[in-house]
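What would the 3D arrangement of this be:
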Amino acid sequence: MTSDLAGKVALVTGGTRGIGRVIAEKLLGYGMRVVVCGREARDIPAEIGFIACDVRDPEAVKAMIAEIVAREGGLDFVVNNAGGSPPANAATASPRFSERVIQLNLLAPLYVCQAAYTQLHARKGAIVNIGSVSGTRPSPGTVAYGAAKAGLLGLTQNLAHEWGPEIRVNALVVGYIETETTDATYGDEQKQAAIAKNLPAGRLGKAEEVAEAVKFLLSPAASYITGAALAVHGGGERPPFLDIVKGEG
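Residues are numbered from 1 along each chain as shown. A predicted model of the protein is given here:
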C-alpha cells in the first residue's frame, strides 16, 4: 500500500496544525508529495509545501489548485480537513457568524473539490472529507457547525455518485481526538476521563489514528469504497438514558 502511494500529490486543507498537520506528516512519511494550506505556515516541515489560502473564497481556491499543479505537475488526492467553529447560542448567533461557519465547513470543501475535479478525474484520484460526530447527532451550542458537517456527509455521497468511477469520494466521521488544543476543547483531565468512560474504546483518539484512516481511504486497498462514511470515533457515545434508567445519571 505504501509503495502505491509514493510520489502521489496530495492537498490537505487546514494542514498547518491539529489533525490536518498530522495527516500531512503521515502522508509525507509514506512517500507522497504533500501541500497544505492555511492562514500561515506555522513552522511546518520543509518537505511539505505551503500555500496561503482562505478556502471560503472560491477564486482563491482555484488559484491554489493552479499553483499546486504548476509546482507539482498534477494533483492526485484532496483531504478536506479545514473546519471548526467556536460555540455560539443558536438564538443569538448573527447571520454573518452562521454564514462563515457553513462556508468553512461545507461550501469550502465543495469549492476545493470543484477546483480539483479536472486533475482528479484525469488521474483517477480520491477525496477524503473530514467530518465529525457533530454531523451525526445533536450538536447544541454549535448548531451551524453540526448542520454543515451533516451536509458534508451528503456532499460526499452525491459527489461519489456524480464523479465515479474516476474519482472516489469518502468521509471520516471523527470523534474526540487529542491534539495540541485538547485541554481547551475537552476540559481538564477529569473531564477528558469522563468523556473517555462513555466510549467503548475507553479513551480519546489520536490524530495519528485519523491519519491512518485517511491513508487507507486514499490507497488502492480502498478501491471499492466510495460514498462511504468511515467512523473514527472509538465506537461512539453511550446513550445517557441507559444510566438514567439504572439510577446512575
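
which residues does residue 14 contact?
When contacts are counted by C-beta atoms under 8 Å, 6 or more residues apart in numbering, residue 14 touches 20, 36-38, 55, 81-83. Yep, even glycine has a C-beta here, placed from its N, CA and C like the rest.

State the distance from it to residue 235.
When distance is defined by C-beta to C-beta, to the nearest Å, residue 14 is 26 Å away from residue 235.

repeat for residue 108
Distance of residue 108 to residue 235, given as C-beta to C-beta: 29 Å.

got the contact list for residue 166?
By C-beta under 8 Å, 6+ apart, the residues touching residue 166 are 120-121, 124.

backbone phi and psi for it, please?
Backbone torsions for residue 166, taken as degrees, to the nearest 10, come to phi -70, psi -40.

ok, now the one 5 residues further on?
Backbone torsions of residue 171, given as degrees, to the nearest 10, read phi -130, psi 160.

My read is that it contacts residue 153, right?
Yes. Using C-beta atoms under 8 Å, residue 171 is in contact with residue 153, at 5.6 Å.

intersection of neighbour lists for the two?
129, 131, 229.

okay, now the closest residue to residue 145 other than its chain neighbours: neighbour count?
What sits nearest to residue 145 in space, not counting adjacent residues and going by C-beta to C-beta, 6 or more residues apart in numbering, is residue 85, at 3.7 Å. Other residues within reach of residue 85, judged by other C-beta atoms under 10 Å, total 24.

Return the residues in contact with residue 85.
Taking C-beta under 8 Å, 6+ apart, one finds 101, 104-105, 142, 144-145 in contact with residue 85.

Ranking by neighbours, what's the top pick from those?
When neighbours are counted by other C-beta under 10 Å, residue 105 leads the contacts of residue 85 with 30 neighbours.
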